[in-house]
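Chemist: I'd like to go over a predicted model; first the sequence, then the structure.
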Amino acid sequence: MFGKLLILVCLAAFVGALAARGSSGAGPKRTYVVRPGDTLWTVAERVYAGDPREGVWKLQSRNHLAGMTINPGERLTLP
């Protein structure tokens, strides 16, 4: 009895995993094209509300930036 129940639960979990799909609720990916004179700080101030330090950290993390240098024409993915 326990074996049949275990098989049924595993089968239900497998079917549920197959039926699951990604959510599109996050919306489209947003990007920002760096303009001459921009810094990570100014981009963070322009794009994020609140403390720009958190925005700078998010920009660096999302775009795999090792430092603070960005160049005009560079596309930054906004988190």
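Modeler: Yep, that arrived. Residues are numbered from 1 along each chain as shown.

Chemist: quick one: low-confidence parts of this structure?
Modeler: 10, 15-26 (pLDDT under 70).

Chemist: quick one, strands of it?
Modeler: With DSSP state E, the ranges of strands along the chain come out as 30-33, 75-78.

Chemist: Reformat the ones you listed as CSV; add distance to Met1 and mean neighbour count.
Modeler: In this view, the C-beta of every residue, glycine as well, is placed from N, C-alpha and C. Listed next are those as CSV, based on distance: least, Cβ to Cβ, whole Å; neighbours: other Cβ atoms under 10 Å:
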stretch, distance to Met1, mean neighbour count
strand 30-33, 54, 12
strand 75-78, 53, 14
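
Chemist: got a markdown table for those, with distance to Leu5 too?
Modeler: A markdown table is the format used below for those (distance: least, Cβ to Cβ, whole Å):
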| stretch | distance to Leu5 |
| --- | --- |
| strand 30-33 | 47 |
| strand 75-78 | 47 |
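
Chemist: so which of those strands gets nearest Met68?
Modeler: With Cβ to Cβ, the closest approach to Met68 among these belongs to strand 75-78: 12.6 Å.

Chemist: Which elements pack onto that closest one?
Modeler: Contacts defined by 3 or more Cβ pairs under 8 Å, 6 or more residues apart in numbering; DSSP states H and E place strand 75-78 against strand 30-33, helix 52-62.

Chemist: from these, which stretch is densest packed?
Modeler: Among the helices and strands packed on strand 75-78, helix 52-62 has the highest mean neighbour count (mean count of other Cβ atoms under 10 Å), at a mean of 16.
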